[in-house]
Structure formats: structure tokens, C-alpha cells
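[1] show me the folded form of this:
(one chain, ligands or ions: 1)
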Amino acid sequence: MNIKETKLKGSFEIEPKIFEDKRGYFFESFNKEKFYDLTGLDVNFVQDNESFSTKGVLRGLHYQIGNHAQAKLVRVIKGSVLDVAVDIRENSATFGEHVSVLLSEENKKQFFVPRGFAHGFVVLSETAIFSYKCDNYYDKLSERGILFNDPNLNIDWKLPKESLIISDKDLELPVLKLAEIN
Ligand SMILES: Cc1cn([C@H]2C[C@H](O)[C@@H](COP(=O)(O)OP(=O)(O)O[C@H]3O[C@H](C)C(=O)[C@H](O)[C@H]3O)O2)c(=O)[nH]c1=O
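    Numbers count the residues shown, from 1 in each chain. Alright, predicted model coming up:
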């Protein structure tokens, strides 16, 4: 397994070791001990999620506030997505900055997004199955979000805006304001 910390401290790109043979492939999609050894993070995931989306679907940017904040270990089982994490940790030197990572069934890459980040992705393939682990439970009342095309974040979602498929809820999200992230 290769793990590389991104420019946003505490977030990591992960490349699992793939075992291929005449039958196909095998890899450990998560190993708590190895993750700790490579990141120093003793993470306890409590919830796994999966979503299916078609090309152009953009989910996010979402986060949960306070004690309900979630760290996520995300990956793509089918298709490919551009995955984006935005640092909204109040005193972070990289507050408001983002990292984009291409996750696909081909590269089998994973992205660890720590608590204190907003997260979202856009589907680049015809369809995509997105699977992720969270270290805190879903809590609807603590859900918040940032508008996907917040001009302050200047995220390049790679696809033309008119081709994006975004929920009404996400289209009504606010832009990032320091005062409203907790
Ligand atoms: C996230 C979540 C949702 N739900 C229910 C609530 C809604 O009735 C339905 C769809 O929820 P939503 O439209 O918020 O799903 P996404 O837009 O994929 O949300 C996710 O989008 C981005 C990529 C994220 O990082 C978050 O994990 C998450 O917010 O599932 C649950 O029952 N449990 C959950 O953990």
C-alpha cells in the first residue's frame, strides 16, 4: 500500500497493493493497522455508504458540523469520478483550499478526507458506483454544505456546467463563509 499526504494536512491519497492472477484481482480495501502505521491515524469507521450515479452527477459539497463531523475513506468501484475535498478547518493554514483526486475502478485509488473538510464528487464515466467509509454516523440535522461552484473555491469540475446533474438541495447551498462553518 502506498500512502501520500496531500497539500491539505491530514488528507491522504492511497494506492492499495493489488494482487492479480489468472482469476482476476484481490486487494485489501481497508486495513486499520496498516492505515495507522502509514498515517498515524487511529480511525474507527462506523458506517459504510454506497451511491450509484450517472455521468455529470455532482454530489456535494457536504459536511457535518460539530461532534457529528465525519472523516471519510472514499473510493470508486465502477467508473470514474473527480473527487474534491475542501479544507474548512477554522484555523487551518489552508482554509478554503481544495484537493481534487481522480478515483476510478482502473486506478483503484482511495482518498482519506479528514473531519473538518467539505466533500463532493462529479461522475466522469457513463455511470459510477461510489463507496466510502465514515468515522461518524449520518446526522441529518448537522448536515451543511457549500455551493459546488462557489467562486471563492474556484473548483474545476472538468465537465461543462450545463451537463451537470445536481440535486435541488445542493443547488441551494451557500457559498463558504467562515462564520457559518460550525
Ligand atoms: C449521506 C446519507 C444520506 N442518507 C439519506 C438521506 C437522503 O434521503 C438520501 C440521499 O442523501 P443525499 O442526497 O444527501 O446523498 P448524497 O448527495 O450522496 O450525499 C453524500 O454526498 C457527498 C458525496 C458526501 O460526502 C456525503 O457523504 C453525503 O452527503 O440518503 C442516509 O440515510 N444516510 C447517509 O449517510
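[2] quick check: residues of this structure near the ligand?
    Contact residues (Cβ under 6 Å from any ligand atom) of the chain with the ligand: 49, 51, 59-60, 62, 119-121, 138, 167. Quick note: C-beta positions are derived from backbone N, CA and C, even for glycine.
[3] which two in those residues are spaced the farthest apart?
    Pairwise distances across the residues of the chain next to the ligand peak at 17.2 Å for 121 and 138 (criterion: Cβ to Cβ).
[4] who has more neighbours out of the two?
    Neighbours were counted for residue 121 and for residue 138 using other Cβ atoms under 10 Å; residue 121 has more, 28 against 13.
[5] contacts only, for the more buried one.
    When contacts are counted by Cβ atoms under 8 Å, 6 or more residues apart in numbering, residue 121 touches 58-60, 74, 81-84, 103, 130.
[6] please repeat the previous calculation with a cut-off of 7 Å.
    Residues near residue 121 by Cβ atoms under 7 Å, 6 or more residues apart in numbering: 59-60, 81-84, 130.
[7] give me the residues contacting stretch 76-87.
    Counting by Cβ under 7 Å, 6+ apart, 8, 11, 61, 74, 94-105, 111, 113, 117-125, 127-131, 146, 153, 155, 157-158 sit against stretch 76-87.
[8] which one is the residue of the chain found nearest the ligand nearest to, not counting chain neighbours?
    Per Cβ to the nearest ligand atom, residue 138 is where the chain lies closest to the ligand, at 3.0 Å. Leaving out its chain neighbours, the residue that sits closest to residue 138 by Cβ to Cβ, 6 or more residues apart in numbering is residue 47, at 6.6 Å.
[9] this completes my enquiry, with thanks.
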